[in-house]
Each structure stands twice: as structure tokens, then as C-alpha cells.
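Q: What follows is a predicted structure for the sequence shown.
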Amino acid sequence: KLKNAPSLTEEQVEFGLKEIRLALLEADVALSVTKEFISNVKPKAIGQEIIKSTSAGQMIVKIVYDELVNILGSKNEELNFKVVPPASLLLVGLQGSGKTTSAAKLAKNIEKNNKKKVMLVSLDVYRPAAQEQLRSLGEQNNILTLPVIKGQLPEDICRRAVSAANLNGAEIILFDTAGRTQIDLQMMSEIKQIESIINPTETFLVADSLTGQVAAEVAKEFKSTVNLTGIILTRADGDARGGAAVSMKFVSQVPIKFLGIGEKIDNLEVFHPDRIANRIL
């Protein structure tokens, strides 16, 4: 719809960004994030020279695409295991976000790609069968799992895990924490306590990519409580168009490291920002 000109005029940019704004909101990017994103892109687009053989519209889409990739993180960072083993990795998130399954997937991924022995530990003493679920996932996939002792408190399980890892030669302990249906004080103070005991080198927020608008709030809350180092987005193969990814990255300023894209143990892939940017646009 835009007339061609040597460079983008303010009017063209305004019009183009209106359309982009709708695309972002339809892809479930949080409203506050969309507003800020658009206001950041606008000054970059006005007056941009239009490359030969592209139209004004294509030019605006390219500027927006580059900015999306830039926000989502242009490179994927390696996991940090630079400590005297065993290194601790912590998984946090709301109930039902796929934490336990993600813990098993991540353990398998690390054993395969980083060639390190992992031990899975469940700290979820509230949800019946949560510890059992992790144990069975470990058993099915030949991943070492800390034996369950009924009635033991999370902080005691943490301490037992470290000595068990040393005995079994595990270089990495992956802690799966309890989730709640919503963020509450008790949950946050427990995670803080666990963090201080195990001193994790990586703390991942596991979030469901179908949560759309809620994603930004969840990321904000966890970021203010613990030292988040990465995000694992689950159900990324669903209908959601990746808005949750943009919202969470924008709000938390923490890299998205992995996407869960199915039920199988190896359905965990390294995050590629350009793919999500493509999906949104």
C-alpha cells in the first residue's frame, strides 16, 4: 500500500508500524512490550534509505525483523558449567508449564551434547507423584535420579543431592522445583532459599509459550526474585506465534536458551531468534 520513495517518510513509517503493531498483538506480544517496541523502531525507520529493488513496505518489515532478532538475542549462549563439579542447574516456573518434562529433556540434551553425567533431583514435595514422575522419566531414559525419601524437605533434599552426586560421579545436578498455579510469596521464598543452598550456575524459567500475555508478568516476577540466566519455552510447536518469546525476553532481558517442541525426550531444540521473528511477521 505504500508509495515508493528514495527514503522512508514519517507518514509511511507511521502507516507501516500500525500494521506491524497489529501483527505483534495478534502474535500475543504483551501490549506494554508492543508499545515500547514500536516507539523504539520508529526513529530507526524514519529517513532510512530504501534499498534498490525493494519497496517501502518491505523495507519497514526488514527494519522490524532486524529489531525483533536483536531483541530476541542474535546469538545463542553456551550453558555455564565453569565451577568445580557438581554444577547445579535450577528449573523454576508455574505449575503445568512443563518443568518436569523439560528437566528430563535438558538432562538428556546435556549428556548428549556436552558429554557430562547429569543427576535429576525433584524438589517438588507438594504435588503428589511429582517426584515419582521425574524418577520414572529418568529411568526410561537412562538418566541418574536421586532416590526419593518420603517426607524430606526441599532444603534437605538439596544437601543430600550434592553428596549423592559426588558418590555417583555426576558432574551436573538438575533441580526441578515445585510450581504453583500462580506466583505466591511462599513459593518465591522457598526458591530463594533453594538458590542460596545450591548456588546454581544456571537458573532457567520454564514457561508455556501458549500463555501469551501472562508471560511477561511471570518473567518479571521470577526475574525480581532469583538470578535468572535463561528461559525454556515449552509447547513452542503449538499455534502460538511466538509472542510470549518476545514479551519474556523484552521484560526479563534474559536469553531464551531452548524450545520444547513435542513430547519426546529429544524434542528440545536450541533457540533460534530468526525463526521466531519470521513466525511473527
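A: Looks like it arrived, so ask away. Residues are numbered from 1 along each chain as shown.

Q: now for the one helix or strand Arg160 maps to, which elements pack on it?
A: Here Arg160 sits within helix 154-168, counting by DSSP states H and E. Under the contact definition 3 or more Cβ pairs under 8 Å, 6 or more residues apart in numbering; DSSP states H and E, helix 154-168 sits against strand 118-122, strand 172-176, helix 185-198. Backbone N, C-alpha and C define where each C-beta goes, glycine included.

Q: Format the ones you listed as TSV; extra columns: mean neighbour count, distance to Thr34 and mean pLDDT.
A: Formatted as TSV, the helices and strands packed on helix 154-168 follow (neighbours: other Cβ atoms under 10 Å; distance: least, Cβ to Cβ, whole Å; pLDDT from 0 to 100):
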stretch	mean neighbour count	distance to Thr34	mean pLDDT
strand 118-122	26	38	97
strand 172-176	27	33	97
helix 185-198	16	28	92
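
Q: just so I have it, where are all the helices in the chain?
A: 10-26, 31-45, 56-72, 99-113, 130-140, 154-168, 185-198, 214-225, 243-252, 273-280 (DSSP state H).

Q: List the buried residues of the fifth one.
A: Spelled out, it's helix 130-140. Judged by neighbour count using 16 or more other Cβ atoms under 10 Å, the buried positions of helix 130-140 are 130-131, 133-135, 137-138.

Q: Kindly indicate which of the residues you listed lies nearest Pro85.
A: Gly138 (18.9 Å; Cβ to Cβ).

Q: Contact partners for that closest one?
A: Contact partners of Gly138, counting by Cβ atoms under 8 Å, 6 or more residues apart in numbering, are 104, 107, 120, 144-145.

Q: what is Thr234 paired to in the beta sheet?
A: Asp208 (DSSP bridges).

Q: looking at it, it is touching Ser97, isn't it?
A: Yes. If you go by Cβ atoms under 8 Å, Thr234 and Ser97 touch, sitting 6.1 Å apart.

Q: which residues are common contacts for the two?
A: 206-208.

Q: Please report which of the residues you listed has the highest neighbour count.
A: Ala207 (31 neighbours; other Cβ atoms under 10 Å).

Q: Tell me the spacing between that one and Tyr65.
A: From Ala207 across to Tyr65, the span is 24 Å (Cβ to Cβ, to the nearest Å).

Q: Gln131 too?
A: Gln131 is 44 Å from Tyr65, by Cβ to Cβ.

Q: what's the answer for Lys112, then?
A: Taking Cβ to Cβ, one finds Lys112 at 32 Å from Tyr65.

Q: Neighbour count for those two, which is higher?
A: Using other Cβ under 10 Å, the more surrounded residue of Lys112 and Tyr65 is Tyr65, with 16 against 10.

Q: What's the separation between the more buried one and Glu269?
A: 21 Å.

Q: remind me which residues of the stretch 51-200 of the chain are low pLDDT?
A: Where the stretch 51-200 of the chain drops to pLDDT under 70, the residues are 74-76.
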